[in-house]
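**Student:** predicted coordinates and the sequence they were generated for:
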Amino acid sequence: MPTGPVRHFLELRDLSRDELEHVFARTRVIKDRFKRYEPYRPLTDRTLAMVFEKASTRTRVSFEAGMYQMGGSVIHLTTGDSQLGRAEPIEDTARVISRMVDIVMIRTFEQSKIERFASTSRVPVINGLTNEFHPCQILADIYTFLELRGPIKGRAVAWIGDANNVAYTWLQAAEQLGFTLRFAAPPGYGPDPARVASGPHLKLCGDPHEAARGADLVTTDVWTSMGYEAESDERRRAFAHWTVDASVMAAARPEALFMHCLPAHRGEEVSADVIDGPQSAVWDEAENRLHVQKALLEYLLLGRDVE
Ligand code: CP
Ligand code: NVA
C-alpha cells in the first residue's frame with residue numbers, strides 16, 4: 001500500500017523513469033495473465049470514478065473493462081448528467097467524490113481544471129486527456145514499442161502533425177526515457193518554445209520526410225483535436241500536405257512502426273495504405289491502453305507490494 005502524499009498522474013513526468021519502468025514490467029505480467037484467462041483481482045471493493053467532459057471510446061472502455069477485470073467497480077459521470085456542468089466549484093466536487101471512491105480518472109479541457117481537482121482530492125487522479133496532455137496514451141504507445149521493437153532509449157521517433165496533447169506528452173517521454181522526437185508541423189502549429197526545453201530529445205524538422213528520415217517509429221494524430229473544431233477548415237488547409245503516406249514511411253527505417261492514438265481520419269493525417277499496412281501497430285497500441293492502465297491503477301492504489 002503506498003504511504004505518504006497522494007500520487008496523481010496528471011502528466012507523464014509525474015512518474016519517474018524508474019516508476020515508468022515498473023509500470024511497463026507490471027503491464028507485461030498483467031497482460032500475460034489476462035491472455036491466459038488467469039484471474040487477477042487485486043482491486044476488489046475498489047471504485048474508480050470516471051469523469052468525461054469530452055467524447056471517448058478507447059479511454060472509457062479500457063478503464064472500465066480494466067477496473068472490472070481487476071475486481072473493482074466503476075462510476076461514469078459526464079458534464080451533462082452531474083453538477084459538473086452547473087458551476088459547482090471543481091474543488092468541491094473533488095472533495096466529495098474523493099470521499100466516496102478510491103481513484104478518479106478525468107477527461108477534460110484545460111490542464112488547470114484537472115490540477116484544481118487534484119489539489120483537493122484525497123485519492124489519486126489520472127489524466128484521461130486534457131487539451132495539454134494525454135499521458136495514458138503515451139504509456140500505451142511506449143509499451144507497444146517495447147513489446148514489438150525493444151528498448152526505446154536512443155531511438156528516433158518522428159512526430160508529424162499538430163503540437164497537441166499527444167505530441168507534448170511524447171516530448172515528455174523523450175526527455176524522460178532518452179530518445180529523440182523528430183518534430184515536423186506546418187508553420188504556426190509547432191511546439192510552443194515556452195512549453196518545451198531544448199535538448200537532444202527534440203529535433204525540429206521542416207517537413208514530414210525530413211522528420212521520418214531514419215526514424216524507428218512514425219506517429220501522427222488528427223489535424224483538429226477535440227475542443228478546436230472551430231479551426232477545422234483553417235487546419236485542413238494548413239495540414240493539406242502533411243499526410244503520413246507510403247513515401248513518408250519509405251524515408252523511415254525499413255523496420256519502422258507506424259502509430260496513431262485513434263480515432264484516425266484516413267486520407268487526412270494518414271493514408272489508408274499506411275494505417276492498414278504491415279508497419280501499422282495501431283491495434284496493438286489501442287489494446288495496450290487496457291493492459292498499461294491496469295498496471296497504472298495497480299501502482300497508484302497498491303504501490304509495488306504486488307504479486
Ligand atoms: N486514443 C484515445 O484516447 O481514444 P478515445 O478518444 O476513444 O478515448
Ligand atoms: N489529439 C486528440 C486525441 C484524441 C484521443 C484530441 O485531443 O482530440
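**Tutor:** That came in fine, so what should we check first? Ligands and ions are numbered 1, 2, ... in the order given.
**Student:** which bits of the stretch 51-200 of the chain sit near ligand 1?
**Tutor:** 56-59, 129, 137 (Cβ under 6 Å from any ligand atom). Placement of C-beta: from N, CA and C, glycine included.
**Student:** now intersect those with the helices, please.
**Tutor:** Using DSSP state H, 58-59, 137 are the members of these that sit in helices.
**Student:** show me where the stretch 201-307 of the chain has helices.
**Tutor:** Assigned helices in the stretch 201-307 of the chain, in chain order: 208-212, 232-238, 246-251, 272-275, 282-302 (criterion: DSSP state H, counting those that start in this stretch).
**Student:** wait, doesn't Ser62 sit right on Leu296?
**Tutor:** No - using Cβ atoms under 8 Å, Ser62 is not in contact with Leu296, being 10.6 Å away.
**Student:** circling back to that earlier point, among the helices of the stretch 201-307 of the chain, which is nearest ligand 2?
**Tutor:** Among these, helix 282-302 comes nearest to ligand 2, with 10.2 Å by Cβ to the nearest ligand atom.
**Student:** could you dump the helices of the stretch 201-307 of the chain into a markdown table and include distance to ligand 1, mean pLDDT and mean neighbour count?
**Tutor:** Formatted as a markdown table, the helices of the stretch 201-307 of the chain follow (distance: least, Cβ to the nearest ligand atom, whole Å; pLDDT from 0 to 100; neighbours: other Cβ atoms under 10 Å):
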| stretch | distance to ligand 1 | mean pLDDT | mean neighbour count |
| --- | --- | --- | --- |
| helix 208-212 | 21 | 98 | 22 |
| helix 232-238 | 17 | 98 | 13 |
| helix 246-251 | 21 | 98 | 17 |
| helix 272-275 | 14 | 98 | 18 |
| helix 282-302 | 7 | 98 | 22 |
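**Student:** what's the closest non-adjacent residue to Pro124?
**Tutor:** Leu300 (4.2 Å; Cβ to Cβ, 6 or more residues apart in numbering).
**Student:** show me the contacts for that neighbour.
**Tutor:** When contacts are counted by Cβ atoms under 8 Å, 6 or more residues apart in numbering, Leu300 touches 2, 7, 9, 103, 124, 126.
**Student:** filter these down to the ones in strands?
**Tutor:** Residues of the contacts of Leu300 located in strands (DSSP state E): 103, 126.
**Student:** out of the contacts of Leu300, who's nearest ligand 2?
**Tutor:** Using Cβ to the nearest ligand atom, Ile126 comes nearest to ligand 2 of those, at 14.9 Å.
**Student:** the closest one contacts Arg7, correct?
**Tutor:** No - between Ile126 and Arg7 there is no contact under Cβ under 8 Å: 10.2 Å.
**Student:** looking at the two, which is more packed in?
**Tutor:** Remark: of Ile126 and Arg7, Ile126 carries more neighbours, 25 against 16, as counted by other Cβ atoms under 10 Å.
**Student:** and the furthest pair within the residues of the stretch 51-200 of the chain next to ligand 1?
**Tutor:** Farthest pair in those (Cβ to Cβ) is Thr57 and Gln137. Separation: 12.8 Å.
**Student:** please consider this matter closed, and thank you.
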